[in-house]
Each structure stands twice: as structure tokens, then as C-alpha cells.
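**Student:** Build the 3D model from these lines:
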Amino acid sequence: MEHMYRLLIFAGLLETFRICGGTRDSVKRPNILLLFADDFGWGDMGANWNETKETPNLDRLAHNGVRFTDFHTGASVCTPSRAALLTGRLGVRTGVKRNFGVDSLDGLPLNETTIAEMLKSVNYSTGMIGKWHLGIYGHHHPIFRGFDFYYGLPYSNDMGCVDNPEYDYPMCKPCPTDHNGRRAWSDGVELPSGPCDIHFNDSVPLYNQTQIIEQPVDLSTLTDRYVKKAVQFIEKQGDKPFFLYVAFAHTHVPLSHDNKYTNASTRQTVFADTLLEMDAAVGSIVQGVKDNGFENNTLIWFTGDNGPWEAKCQYAGLVGPYIGLWEKNTTGGGTAKQTTWEGGHREPAFAYWPGKIAPQVSDALVGALDILPTIASITGTPVPQNRMFDGMDISHILFDGSDSGHHILFHPNSASGPVGGLDTIRFGDYKVMYQTGGSLACDGRAPVAIRHDPPLLFNLREDPAESTPLDTSVEPHLSIMEEVLHQLSEMHQSIKNDNTSVVPYNQSVKARPCCNIHHVVCRCKN
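**Tutor:** Here you go, the predicted structure:
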């Protein structure tokens, strides 16, 4: 747990910021562009997986920066993953252990500090474009969480109806267009459910700052609008450093893209066409950085929130070699999103900064939790006080080519076992699983939760498919298990001693975003 305590010391001592192994006192702090994909598999970036041909822009950036091969999300489902990304802390500390819904009164606790809030303290201009999913009611809105500018969706693009639902499995019905009576829920009556996995009486809203400007959102033009807003934000920046966080709707269902991408991908599938559109969006935003003369002073970091949603079948992405074969062979459950199998947790990731980060491939064990402390280090920004962090400063990997990452890394439960519980632990090349349970598989097989005593132990370097558990009663596996137990005990003590937050997950219909209470699905366009 040394890195947690190192960060507390770092907060009080850091006076200058580090760039490529050196320190400079009177140089403009670097800009930060954080790009975040949704339901994005390790194999969905061509730089990782040769079968994927639709990511030329991502691949070029990855090849010219540091590409991480063993990079992990902070949780394998939307909300907890995003909370971990923006705070550097796991859900057992922030209290954010599961998703917020359209009725959520709560959000990321206000005493938790986001990257945006941290950078605002040193005079950064901050903007967010895209999916928030950390609470929208009251002061949980991103405008009150450190962002000067916000344009995007408050939660996932399937959490309500849209006029053109495009591609999902099962397919969803479009929003009603002609009902102008009272809101259904205001009468205490629910509308009939459609055939979707998640179906609400409201349509998906699009926000500009705190105002809903379109409901339901037009998903087919959303990515293009995100690009325009991102470039406009970049163009407005002058000498003041900026932090821009872009959280794409792609590749979360329902998949939707501009018509010009239909059958434009090599595979000519809906998913591949959607992926191609997202890659083009990344290219356009990065071009905006270049065109405005910011490239040489901008750190660009790309990753995703969790692996593919396997239950969506042909509309889900690729996990590469990380197929969770033990689960497949034992229960038949899914092994990507919502699970702690590698397909759910291991994400494509790279950091790009020309002239500062040399092209390299890093096999270090790192993850999204490390982004906040690393940004704090390279910008010379004090980290939040009186709390512990699960991430570490990995600037030595970015700038010095070191392969020294985490000695141990905890993966919280999402779909099986106590929610947020730390029942999966990485220890070097080894992975210990006290709890397994896949998500819903494409063929409809339901997940089966299994508690393991002794736990399953895999060597991921030798067995990336997680097919064959090792014998934990013999050396060196016995010693590995003893050390993991010791580290787990230290982690629980760390949490006990920490300044942790609690989220009650309260709900009320008054929290539902609605720009037109006179229409059954709040229809409006401003």
C-alpha cells in the first residue's frame, strides 16, 4: 500500500511539476485531453488486435506514444468506472459501487474531488463533452463538479427512448411522438415496457451546460456534434492551460452513426461502422489540438470504461485473447462487461505527447486509477488532502520508459458477489479470484455466482484466456496466496482508516430530467 501514503506526502511537498524527467518553474502547465470510450473491448483497437481495422487514428496515436497492454478500468460497469477514473479511488472509498439511474437523487459524493476540481485549483480551463453518469440532480451535475463547460448525456444512451433507436439487441421501440397529455408517472401510472433490457418512460436528454436542449437526443448526429463542441472548446483556449474530458457514447448500444459510415468499415458490420465513426471523431479532435498549436504541450490519454457488453451479441466488441474460458466452460456465462474476467477489466489505453513521450509498448500493470495522480504530478497540482488513493503516479513509465507498475491491483465486483467487494486481485502476472460469475451471455445463459475457497489462481502471462486454474497448495503458488492475503488485509485496514464516502442511492421521480412536462416523454428541441 506504499503508493497510497506516498501520495499524501506528495501533496504537501510538490512545488514544481515534472516533464520528461526534469522540473521547470515558470513554464505553462500542459493541456490534458482525456478521451474515454464506452463498452470498449481490448480487441477493439487495431494496435492491440490485428482483426480490428477500423481504428487508424487510435492506432497512429498509440504507436507514437506509450501503448499499455495491461491497463485496467477501476470497475467493470459504467458509473463506478467513471468515478474511479475521475477520483483515483475505488468504490469502496467513494461509495460509488453501482450505476446511478434516471431517478437518482445521489451522485458522486460532493466531498470527493474530481480531476477537473483538482486542476481548477491551479487555474485550468475545464470542459466535459459526452456521457457523465455520476449523478445529474442538484449539485451532482458536472458544472458543479469542476467543469466550466458541459455538453452531453447525463447517463447511458439506452436509459430512455430515442426516435431512431437504430441497433440494439433486443431492438427497442422509438419514443411516442403524439402524446401531449400529463406525464405518465405524475399520475402514478407507468407506461407499458418495450422490448429493451432497460426501458424508462422518459427519453434521453442532451444537455448544454445545465439546460436540456434536445429530448430525445438524435443519436445519429451526436458524435459529429461532440467533435464540433470539442474543437470549439480547444479554439477558445489561449495562454490558460485546459483540461478537456470527452466521454463518447460509442460503442454503447443502441449503436448509431452518421449515414456516411454505413458499410464504410472493412468488416461492414454495424459495430465496425460505429467504431470507425468514433475513431474519425478522435482524429478530428486531435487535429483541432494541432491546428491551434497545442500538440507539443498537450497530453492525450485514451482508454475505456469497461469491456464489451457480451449480451448484445453482434453489437458488442472484441476482447482479444481474454475470453474467460474457465467461466465459459463451467457455467457458460458472459466474461466481459460487469465481470472481473480480463475481458471486462482490461482496456485499450495509450498516452500520447509528441516530444515528451517516446514511442513504446508498456506491459506494466497500471490502470485508470493512475490517471489522476499522474496528471497531478506532471502539472504540479496538489492532490486532495486527507484521503488515500488507489492509483499511483506513473509518470516514470510515460517519460522514462520504466515498466514498474502496481505490485498489486484490486478489481471490484460488479455482477456477482457483494457489489464493490474486492474479491479479485492482480499480483504481478497472477490473478486471484475469490468470486466468479459471468454476465448474461449472448446465447441467453444467465450468470452463476460461485464463491471459491481456495480461490482460483491464474497466470495471465501463460494463460491469458484464463482457462486453467493453478494448484494453490504447492509452491510457488502457496507463497503467492499468502502474500495476496496479507495485501488484502492491508487494503481492508487502509479502507477502515480512510476518509471514505457513503452513497445512499436514493431515488425519486423528481430527479428525472425533463424539458417539457406536458409531453409523456418530455419532447422538446431548443
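**Student:** Look up how far Asn386 lies from Met481.
**Tutor:** Distance check for Met481 against Asn386: by CB to CB, to the nearest Å, it reads 34 Å. All C-beta spots, glycine's among them, are computed from the backbone N, C-alpha and C.
**Student:** neighbour count winner among those two?
**Tutor:** Met481 (19 against 9; other CB atoms under 10 Å).
**Student:** Spell out for me which residue occupies the centre of the protein.
**Tutor:** Among the residues of the chain, the one closest to the centroid is Asp305, at 2.3 Å (CA atoms, centre = their mean).
**Student:** Contacts only, for that one.
**Tutor:** Applying CB atoms under 8 Å, 6 or more residues apart in numbering to Asp305 gives the contacts 36-40, 73, 78, 81-82, 85, 247, 347.
**Student:** could you measure it against Ala280, distance?
**Tutor:** 20 Å.
**Student:** And for Asp38?
**Tutor:** Look at Asp38 and Ala280: by CB to CB, they are 16 Å apart.
**Student:** So these two - more neighbours on which side?
**Tutor:** Neighbour count, other CB under 10 Å: between Asp38 and Ala280, Asp38 has more, with 25 against 22.
**Student:** what mean pLDDT does stretch 497-509 have?
**Tutor:** For stretch 497-509, the mean per-residue pLDDT is 96.
**Student:** Enumerate the positions of that stretch that are buried.
**Tutor:** For stretch 497-509, burial by neighbour count (16 or more other CB atoms under 10 Å) applies to 498, 500-501, 503, 507.
**Student:** just those now: which is nearest Val92?
**Tutor:** Of all these, Val92 sits closest to Thr500, with 7.2 Å by CB to CB.
**Student:** wait, isn't the closest one in contact with Arg93?
**Tutor:** Yes. Using CB atoms under 8 Å, Thr500 is in contact with Arg93, at 5.0 Å.
**Student:** Please confirm that Val246 is located within a helix.
**Tutor:** No. Counting by DSSP: H, G, I helix; E, B strand; the rest coil, Val246 falls outside a helix, being strand.
**Student:** pretty sure it is touching Gly130, no?
**Tutor:** Yes. Using CB under 8 Å, Val246 is in contact with Gly130, at 5.5 Å.
**Student:** Quickly list what's touching both of the two.
**Tutor:** In terms of CB under 8 Å, 6+ apart, Val246 and Gly130 are both contacted by the residues 36, 226.
**Student:** Export the buried residues of stretch 497-509 as CSV, with columns for secondary structure.
**Tutor:** Formatted as CSV, the buried residues of stretch 497-509 follow (three-state DSSP):
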residue, secondary structure
Asp498, coil
Thr500, coil
Ser501, coil
Val503, coil
Gln507, strand
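**Student:** Glu51: which of these is nearest?
**Tutor:** Val503 (39.3 Å).
**Student:** And for the closest one, nearest residue in space, chain neighbours not counted?
**Tutor:** Spatial nearest neighbour of Val503, excluding adjacent residues (CB to CB, 6 or more residues apart in numbering): Gly95 at 3.8 Å.
**Student:** Repeat that for Leu105.
**Tutor:** Excluding the flanking residues, the one nearest Leu105 by CB to CB, 6+ apart is Asn506, at 4.4 Å.
**Student:** contacting residues for that neighbour?
**Tutor:** 104-106.
**Student:** Following the chain onward from the lowest-mean-pLDDT helix or strand in the chain, which element is next?
**Tutor:** When each helix and strand of the chain is scored by mean pLDDT, DSSP states H and E, strand 22-24 comes last, with a mean of 38. Sequence order places strand 31-37 as the next helix or strand after strand 22-24, per DSSP states H and E.
**Student:** can you dump the C-alpha coordinates of that following strand into PDB?
**Tutor:** Taking Å, rounded to 0.1, in the frame of the first residue of the first chain, the C-alpha atoms of strand 31-37 are listed here in PDB:
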ATOM      1  CA  ASN A  31      -3.000  20.800 -21.500                       C
ATOM      2  CA  ILE A  32      -4.800  17.500 -20.800                       C
ATOM      3  CA  LEU A  33      -7.100  15.800 -23.300                       C
ATOM      4  CA  LEU A  34      -8.800  12.700 -21.800                       C
ATOM      5  CA  LEU A  35     -10.700  10.500 -24.300                       C
ATOM      6  CA  PHE A  36     -13.000   7.800 -22.900                       C
ATOM      7  CA  ALA A  37     -14.800   5.100 -24.900                       C
END
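**Student:** And that strand, what does it pack against?
**Tutor:** helix 115-120, strand 242-247, helix 270-291, strand 298-304, helix 371-379 (3 or more CB pairs under 8 Å, 6 or more residues apart in numbering; DSSP states H and E).
**Student:** Ser414 against Gly74, yeah?
**Tutor:** No. Counting by CB under 8 Å, Ser414 stays clear of Gly74, with 10.9 Å between them.
**Student:** and these two? which has more neighbours close in?
**Tutor:** Set Ser414 next to Gly74 and count neighbours by other CB under 10 Å: Gly74 wins out with 32 against 28.
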